[in-house]
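Chemist: Just to be clear, the model below is a prediction. Sequence and coordinates:
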Amino acid sequence: MEDLIWYLLLVLSLFAGFSWYVAGEKGRDQNSWLILGALFGPLALFAVGVIPAIPTVSPGKTRECPTCGEVIKIQAQACKHCCRDVEPLEEGAV
Ligand SMILES: [Zn+2]
């Protein structure tokens, strides 16, 4: 019986960890999802998996670098993250 409790704790902490990680990837509040993952296990992991990520690209002002995927300005001629040349676009073109 005691083994079963430890097994459950292990599984729930795994789900808590995965929920925490996915929440971070999506720009969500990691601490909340850590607790939800510990309480609800696979349900929380599923929920954080299906909620949309908080968009970090503001339309009309920024875009993603085609090389590294980081957010850069529309008018940038080179990516500030990976230093690759990118085609400058006019503001509002995207
Ligand atoms: Zn880049």
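Modeler: Good, I have the coordinates.
Chemist: which is the next helix or strand following the helix or strand of the chain with the lowest mean pLDDT?
Modeler: Counting by mean pLDDT, DSSP states H and E, the chain has its least confident helix or strand at strand 62-64, which shows a mean of 88. Counting by DSSP states H and E, the element after strand 62-64 in chain order, helix or strand, is strand 71-73.
Chemist: quick revisit: how about the least confident helix or strand of the chain and the ion, touching?
Modeler: No. Strand 62-64 is not in contact with the ion by Cβ under 5 Å from the ion; minimum separation 8.5 Å. No exception for glycine: its C-beta is placed from N, CA and C like everyone else's.
Chemist: what packs against the helix ranked longest in the chain?
Modeler: As assigned by DSSP state H, the longest helix anywhere in the chain is helix 2-25. Counting contacts by 3 or more Cβ pairs under 8 Å, 6 or more residues apart in numbering; DSSP states H and E, helix 2-25 is packed against helix 30-40, helix 42-50.
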